[in-house]
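Q: predicted structure and sequence below. I'll ask about it afterward.
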Amino acid sequence: MKGLFGMGKKKDVGESVPAHDGKWLVQYDRKGCIGAATCEAVYPERWSVQGSGKAELKGSKSGDGIIFELQIDNSELDRMKAAAEGCPKNVIHIINRDTGEKII
Ligand code: SF4
């Protein structure tokens, strides 16, 4: 929790919008997926469970076939958060690309 006090004390009164540009990084660990399909039920535009019994994160990329990544903007954040929160295996995470904070 660094940065709460001390440096960077600039105050923009009335400015409550976070500093990031609305870009979020979704990270999905396919290895831990059990195919429960909660993600698909919540956000079918981005998630689907194939015959393999593992979820597919539509539009994502992976370097190793295990961790899949996708950048989204604020317009998708609520639905992606709902999918992540509903995942019984907690294999979906969302990271603020500006701060590095993992919000889920
Ligand atoms: S909710 Fe989680 S465990 Fe279930 S299919 Fe989606 S990613 Fe896999």
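A: Good, I have the coordinates.

Q: for this structure, which residues are neighbours of the ligand?
A: By C-beta under 6 Å from any ligand atom, the residues of the chain that approach the ligand are 33-39, 49, 55, 87-89, 91-92. Quick note: C-beta positions are derived from backbone N, CA and C, even for glycine.

Q: filter these to the buried ones?
A: 33, 37, 38, 39, 49, 55, 87, 91, 92 (16 or more other C-beta atoms under 10 Å).

Q: pick the one among the residues of the chain next to the ligand closest to residue 72.
A: Nearest to residue 72 among these, counting by C-beta to C-beta, is residue 92 at 11.8 Å.

Q: that closest one and residue 25 touch, don't they?
A: No - contact criterion C-beta atoms under 8 Å: residue 92 and residue 25 do not qualify, at 11.6 Å.

Q: anything in contact with each of the two?
A: Jointly contacting residue 92 and residue 25 under the rule C-beta atoms under 8 Å, 6 or more residues apart in numbering is no residue at all.

Q: residue 23 and residue 41, how far apart?
A: Residue 23 sits 26 Å away from residue 41, going by C-beta to C-beta, to the nearest Å.

Q: what's the answer for residue 99, then?
A: 30 Å.

Q: buried set for the top helix by length along the chain?
A: If you go by DSSP state H, the chain has its longest helix at helix 74-86. Applying a neighbour-count criterion of 16+ other C-beta under 10 Å, one finds 76, 77, 79, 80, 81, 83, 84 buried in helix 74-86.

Q: quick check: mean pLDDT across that helix?
A: Average pLDDT, helix 74-86: 97.

Q: need the next SSE after that helix, C-terminal direction.
A: Going down the chain from helix 74-86, the next helix or strand is strand 92-96, by DSSP states H and E.

Q: show me what that next one is packed against.
A: strand 24-29, helix 74-86 (3 or more C-beta pairs under 8 Å, 6 or more residues apart in numbering; DSSP states H and E).

Q: what's residue 48 sitting at in phi/psi?
A: phi -150, psi 140 (degrees, to the nearest 10).

Q: isn't it up against residue 56?
A: Yes - using C-beta under 8 Å, residue 48 is in contact with residue 56, at 5.2 Å.
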